[in-house]
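**Q** task: produce atomic coordinates for the following.
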Amino acid sequence: MAGVTQLLAGVARLIPGLDVESLRCAIRDEYSTVAMEPERGFHFHTGRRLARMLGYEEAWLANVPEPSIASFAGTGNPFSLGAPRPGERVVDVGSGAGIDSLIAASMVGSTGYGVDMTPAMLEKARASAAEAGFDHVEFCHGFAEDLPVPDEWADMVISNGVLNLFPDKTAGLGEMARILKPGGRLQIGDILVQKAVPEGAKRDIDLWKG
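**A** Numbers count the residues shown, from 1 in each chain. Sure thing, here's the model as predicted:
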């Protein structure tokens, strides 16, 4: 939890002038297309090829239905920091088509949540969970800044390529801290910029979604 506190201390609040609803709509539109037309081609990598690039083991993908793998659009590998243990509870924030949630479900065999704000991604994730027989993972609609998960519920919170899209990163990280048990683990794969972003660019929605 100390690591989360340090992250919160270094993250600014919501950017003045940012149209949050327009940003969320643009992100939903982009990732609805990734869910429904993964073969279209995007400015970012997707699918099984991306999973291999990020070091996902083939054994992890064995129980994940191909539609969820095809719509994978992560930026890192949260499991590179350590796998969840059998019996642990895992929450995947920004779960998309469900690849990381389903990998975690196959590792823990216990209740878990995937949370996402894009209906098309949730539909695909739920269909894959049903196909794989993972009735112990639930995919919920929600925002990172207001997670539909009880306090101190999770042993591990994962997030992959989504923190960079949070309009209010402080609130999102605070919610991750809220749902983690004492001693719980936060494992994030994401992107970072190495120089300051100009103030005007912070309000450019096209730059937010890539």
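**Q** quick one, helices of the chain?
**A** Using DSSP state H, the helices of the chain run over 2-9, 20-36, 47-53, 58-61, 66-70, 99-108, 119-132, 169-179, 205-208.
**Q** quick one, which of those helices is nearest to His141?
**A** helix 119-132 (6.1 Å; CB to CB). Yep, even glycine has a C-beta here, placed from its N, CA and C like the rest.
**Q** buried stuff in that closest one?
**A** 120-122, 124-125, 127-129, 132 (16 or more other CB atoms under 10 Å).
**Q** that older thread, of the helices of the chain, which is nearest Val91?
**A** Val91 lies closest, by CB to CB, to one member of the helices of the chain: helix 169-179, at 6.1 Å.
**Q** which other helices and strands does the closest one contact?
**A** Helix 169-179 sits against helix 2-9, strand 90-93, strand 154-160, with contacts defined as 3 or more CB pairs under 8 Å, 6 or more residues apart in numbering; DSSP states H and E.
**Q** got a list of contacts for the top strand by length along the chain?
**A** The single longest strand within the chain, with elements called by DSSP state E, is strand 180-189. With contact meaning CB atoms under 8 Å, 6 or more residues apart in numbering, strand 180-189 is reached by 1, 3-4, 54, 74-82, 152-161, 163, 176-177.
**Q** please redo it, this time with the cut-off set to 6 Å
**A** 4, 75-78, 81, 152, 154-160, 163, 176 (CB atoms under 6 Å, 6 or more residues apart in numbering).
**Q** what of stretch 74-87?
**A** By CB under 6 Å, 6+ apart, stretch 74-87 touches 54-55, 90, 104, 107-110, 156, 158, 160-161, 187, 189-191.
**Q** for ChimeraX, write the selection for the buried entries among those residues.
**A** Only the buried entries of the contacts of stretch 74-87 go into this ChimeraX selection, using 16+ other CB under 10 Å:
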select :54,90,104,107,108,110,156,158,160,161,187,189,190
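**Q** quick one: which of the contacts of stretch 74-87 is nearest to Arg24?
**A** The closest of the contacts of stretch 74-87, once distances to Arg24 are taken by CB to CB, is Gly161, at 16.0 Å.
**Q** check contacts around the closest one.
**A** Neighbours of Gly161 in contact, by CB under 6 Å, 6+ apart: 74-75.
**Q** and the gap between it and Ile191?
**A** Counting by CB to CB, to the nearest Å, the gap from Gly161 to Ile191 is 7 Å.
**Q** just list whatever residues bridge to His141.
**A** Assessed by DSSP bridges, His141 has beta-bridge partners Asp116.
**Q** and it, how many neighbours?
**A** Using other CB atoms under 10 Å, His141 has 12 other residues around it.
**Q** ok, Arg28 next?
**A** Neighbours of Arg28 using other CB under 10 Å come to 17.
**Q** my guess is it meets Thr118, correct?
**A** Yes: between Arg28 and Thr118 there is a contact under CB atoms under 6 Å: 4.9 Å.
**Q** excluding its backbone neighbours, what's nearest Arg24?
**A** Met117 (6.6 Å; CB to CB, 6 or more residues apart in numbering).
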